[in-house]
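**Q** Below is the sequence, then the predicted model.
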Amino acid sequence: MAEQPGTLLYYLKRSTEFLEKKEIPNPRVDAEWLLSDLLGLPRIKLYSNFEMPLSQKEIDLYRERIVERSKRKPVAYITGKKGFHQFEYLVTEDVLIPRPETEELVDFLYKQKETLKEEFPNGLNIWDLCSGSGCIGLSLLQLLQPMHVVLSDLSEKAIEISKSNAEKLNLTNASFYVSNLDASLPNNLQFEIIVSNPPYIPESEKNQIMPDVLEYEPHLALFVSDIIGFHKSLFKAVKQRLKPGGWFLMETHPDYIQELENLALTLGFVSPRKILDSSNKERFLFLKTV
């Protein structure tokens, strides 16, 4: 297709070429996402609007976005949002960008919906521990329709983002706590389900992390100095908050999952199960209480 200067196709091609020179992975896809979001068009609609002229304001804003991406700033932080499962969440550099693997954690529980109704006929209370943007807890609130969801995070800014997401989605059956594990939760709070995507990358692996993540995403939510010591504290908090027969599902590091399973068993958890992600890595650890 012949491109005309000033058209959507012209700037899309120039932007893709610019990102390629900067060695950005998937330059065409990123250029498309940034333009479709800016114009308020579904990405697929770009293809039927290639000859559409862009205004000077649109051109300037698009250039700004492409320059940001060329500096490795993730697309989700540029647009301020990220799709997750069936929903869309606000994100800033104060929270992790929701990952496809974490969608699988949510999907695992969603597919157990009927089993959960049988095991917990009186309803569900869910705790999203280390909640970040709130994508796990707020998705489960919509998918499983529990009585209540508690979201907690050590970061006050993360909790503000999760509150904004709940407001955007018109969700009211949720409460939020800035808390180191369960330290700030009311003493009487107990749960049928606890889910968590805690920090689980050892600090020794920082040099293996891609720049997009290392330079922009919050290290507090990614890295841990003592993975076993941290998880021991996490398991203890979870165990005292789970009701008898309660479920705990956690995303974690495949290289440490067996060690963490062994640790959980010594602390009294039962029915351990390692769940594979779509890459066939042991990404999720499922545990129950007696």
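**A** That came in fine, so what should we check first? Numbers count the residues shown, from 1 in each chain.
**Q** low-confidence ranges in this protein?
**A** Along the chain, the model assigns pLDDT under 70 to residues 1-3.
**Q** show me the contacts for the residue nearest the centre of the chain.
**A** Nearest to the geometric centre of the chain sits Pro98, at 2.3 Å (C-alpha atoms, centre = their mean). The contact partners of Pro98, by C-beta atoms under 8 Å, 6 or more residues apart in numbering, come to Lys82, Phe84, Tyr89, Val91, Ser133, Cys135. In short, each C-beta sits where N, CA and C put it, glycine included.
**Q** burial of the fourth one, as a residue count?
**A** Val91 is surrounded by 24 other residues when neighbours are defined as other C-beta atoms under 10 Å.
**Q** Please report phi then psi for it.
**A** As for Val91, its main-chain torsions (degrees, to the nearest 10) stand at phi -140, psi 150.
**Q** mind listing the helices for the stretch 101-250 of the chain?
**A** For the stretch 101-250 of the chain, the helices defined by DSSP state H, counting those that start in this stretch cover 113-119, 135-144, 156-168, 211-214, 219-222, 227-241.
**Q** Mean neighbour count and distance to Trp33 for those helices - can I get that in JSON lines?
**A** Rendered in JSON lines, the data for the helices of the stretch 101-250 of the chain read as follows (neighbours: other C-beta atoms under 10 Å; distance: least, C-beta to C-beta, whole Å):
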{"stretch": "helix 113-119", "mean neighbour count": "12", "distance to Trp33": "32"}
{"stretch": "helix 135-144", "mean neighbour count": "24", "distance to Trp33": "18"}
{"stretch": "helix 156-168", "mean neighbour count": "18", "distance to Trp33": "20"}
{"stretch": "helix 211-214", "mean neighbour count": "14", "distance to Trp33": "14"}
{"stretch": "helix 219-222", "mean neighbour count": "17", "distance to Trp33": "23"}
{"stretch": "helix 227-241", "mean neighbour count": "18", "distance to Trp33": "34"}
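**Q** could I get those as TSV with distance to Val67?
**A** Shown next, in TSV, are those (distance: least, C-beta to C-beta, whole Å):
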stretch	distance to Val67
helix 113-119	45
helix 135-144	28
helix 156-168	25
helix 211-214	15
helix 219-222	24
helix 227-241	37
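**Q** For Trp127, find the nearest of these.
**A** For these, proximity to Trp127 was assessed by C-beta to C-beta; helix 227-241 is nearest, at 6.4 Å.
**Q** show me where the stretch 1-150 of the chain has strands.
**A** With DSSP state E, counting those that start in this stretch as the criterion, the stretch 1-150 of the chain has strands at 81-84, 87-90, 125-129, 148-153.
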